[in-house]
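Peer 1: just need the structure, nothing else, for what follows:
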Amino acid sequence: MARKYKGNGSIILIGFKGSGKTSVGKALARKLKRRFIDLDEVIIEINRHLKGKKQSIREIYKEYGKGYFRKRESQALKFLDEEIGIVLATGGGAVVLKKNRHIMKKIGTAIFLDVEPGLLFKRMLKRGIPPIIDRANPKKSFYALYRQRRTAYLKAANIVIGLQNEPIKEIVKKISALLGRVV
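Peer 2: Predicted structure coming up:
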């Protein structure tokens with residue numbers, strides 16, 4: 001039986017910050033011989049075009065706020081809905097807006113990299129607390145945001161893969177096997 005994917009045949013990796021979407025996405029794209037796109041890079045380019053300066057995702061979020069950032073995120077997803085057969089790594093909050101989840105359904109098969117929250121929290125602390133987390137009480141803020149977003153991830157996902165701390169190669173192997181069963 002030939003592989004069948006949802007939407008336009010693309011694969012969309014969703015999950016909380018630090019779940020490995022970019023690393024896994026790059027490795028998966030290499031294995032499947034597909035083009036890899038990081039949604040954050042598209043947002044950075046859209047913002048550069050609009051504001052005339054190149055800024056990081058963190059800088060965009062801090063300077064222009066959550067509302068502006070979510071608009072750019074939706075704009076980036078709409079820009080990609082014509083792409084066929086890509087591997088797309090989204091930002092951790094891309095699934096929050098219902099319209100973004102709808103666009104993702106058009107783009108392809110959404111795979112939720114469901115990493116244990118304690119491990120995600122440790123990874124976040126190593127990389128630095130992002131602006132979406134309250135610095136006064138990062139643990140409480142993180143877990144509240146995790147619970148809220150996990151619901152959105154589950155709504156958006158066609159496939160859920162529970163992960164601990166497996167090597168990227170093993171995760172790619174799991175995803176490849178599961179994609180062979182998607183109809």
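Peer 1: okay, now the unreliable bits of this structure?
Peer 2: Flagging of the chain using pLDDT under 70 yields the residue ranges 1-8, 181-183.
Peer 1: phi, psi for residue 88 please.
Peer 2: Here is the backbone geometry of residue 88 (degrees, to the nearest 10): phi -120, psi 130.
Peer 1: give me the number of neighbouring residues for it.
Peer 2: Neighbouring residues of residue 88 were enumerated by other C-beta atoms under 10 Å; the total is 28. Where you see a C-beta, it was placed from the backbone N, CA and C, and this is true even at glycine.
Peer 1: pull the longest strand from this structure.
Peer 2: When the chain is parsed with DSSP state E, its longest strand is strand 108-115.
Peer 1: can you name the element that comes right after it?
Peer 2: Proceeding N to C from strand 108-115, the next assigned helix or strand is helix 117-127, under DSSP states H and E.
Peer 1: other SSEs contacting that following helix?
Peer 2: Contacting helix 117-127 under the criterion 3 or more C-beta pairs under 8 Å, 6 or more residues apart in numbering; DSSP states H and E are the following elements: helix 138-156.
Peer 1: just the angle between the helix it packs on and strand 108-115, please?
Peer 2: In terms of direction (axes from the mean of the first three to the mean of the last three C-alpha atoms, to 10 degrees), helix 138-156 departs from strand 108-115 by 150 degrees.
Peer 1: show me how far helix 138-156 is from its chain's centre.
Peer 2: Averaging C-alpha positions (C-alpha atoms, centre = their mean, to the nearest Å) puts helix 138-156 14 Å from its chain's average.
Peer 1: all good on my end, thank you.
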